[in-house]
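K.L.:
Kindly return the folded structure for what I paste below:
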Amino acid sequence: MKVNEYIVEYRNKRNLTQLDAADKAGINIKHYQAIERGDIQPRLKSLRRISDAIDIPLDMLFLNAGKEFLIFSILSCLDKYSNQELKDIYDILGTYIDE
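P.N.:
Have a look, this model is predicted:
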């Protein structure tokens, strides 16, 4: 199951509408809907807000999410780094995860 599918599943289990979840997470409704559709990959900060809004542990969203999504989420926290530094970090993490 993908991250967006977990978000939808747990939001529905909590009987929340998309608007409820977006409001609780402090995320624009259009942005939230794009996350649920899987049109965009949310940054870790947004995932934290969503997990809090739908009342699930953050790590539940990463179950079976795949290493690419995990790496993207980690890298999204590193926006102060240059593109080259991010590429280097991505390469290092990719090598480590492949072992």
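K.L.:
State the mean pLDDT of stretch 14-31.
P.N.:
The pLDDT scores in stretch 14-31 average 97.
K.L.:
and if you look at stretch 88-96?
P.N.:
Stretch 88-96 shows a mean pLDDT of 76 in the predicted model.
K.L.:
buried residues in that stretch?
P.N.:
For stretch 88-96, burial by neighbour count (16 or more other Cβ atoms under 10 Å) applies to residue 90. Every C-beta, even on glycine, is put in place using the N, C-alpha and C of the backbone.
K.L.:
Centre of the chain to it, how far?
P.N.:
19 Å (Cα atoms, centre = their mean, to the nearest Å).
K.L.:
In the chain, which helix is the longest?
P.N.:
helix 83-98 (DSSP state H).
K.L.:
Can you give the domain ranges for the chain?
P.N.:
The chain breaks down by automatic domain parsing into domains covering 3-62, 67-98.
K.L.:
so which of the ones you listed is the most packed in?
P.N.:
Of all the domains of the chain, domain 3-62 has the most neighbours on average by mean count of other Cβ atoms under 10 Å, namely a mean of 17.
K.L.:
circling back to that earlier point, how about the longest helix of the chain as PDB, C-alpha atoms only?
P.N.:
Below are the C-alpha coordinates for helix 83-98, written out as PDB (Å, rounded to 0.1, in the frame of the first residue of the first chain):
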ATOM      1  CA  ASN A  83      21.500  20.300  -5.200                       C
ATOM      2  CA  GLN A  84      24.900  18.700  -5.400                       C
ATOM      3  CA  GLU A  85      25.000  18.000  -1.700                       C
ATOM      4  CA  LEU A  86      21.600  16.500  -1.900                       C
ATOM      5  CA  LYS A  87      22.600  14.300  -4.800                       C
ATOM      6  CA  ASP A  88      25.600  13.100  -2.800                       C
ATOM      7  CA  ILE A  89      23.500  12.300   0.200                       C
ATOM      8  CA  TYR A  90      20.900  10.500  -2.000                       C
ATOM      9  CA  ASP A  91      23.700   8.500  -3.500                       C
ATOM     10  CA  ILE A  92      25.200   7.600  -0.200                       C
ATOM     11  CA  LEU A  93      21.800   6.600   1.300                       C
ATOM     12  CA  GLY A  94      21.000   4.600  -1.900                       C
ATOM     13  CA  THR A  95      24.200   2.700  -1.600                       C
ATOM     14  CA  TYR A  96      23.600   2.000   2.100                       C
ATOM     15  CA  ILE A  97      20.000   0.800   1.600                       C
ATOM     16  CA  ASP A  98      21.000  -1.400  -1.300                       C
END
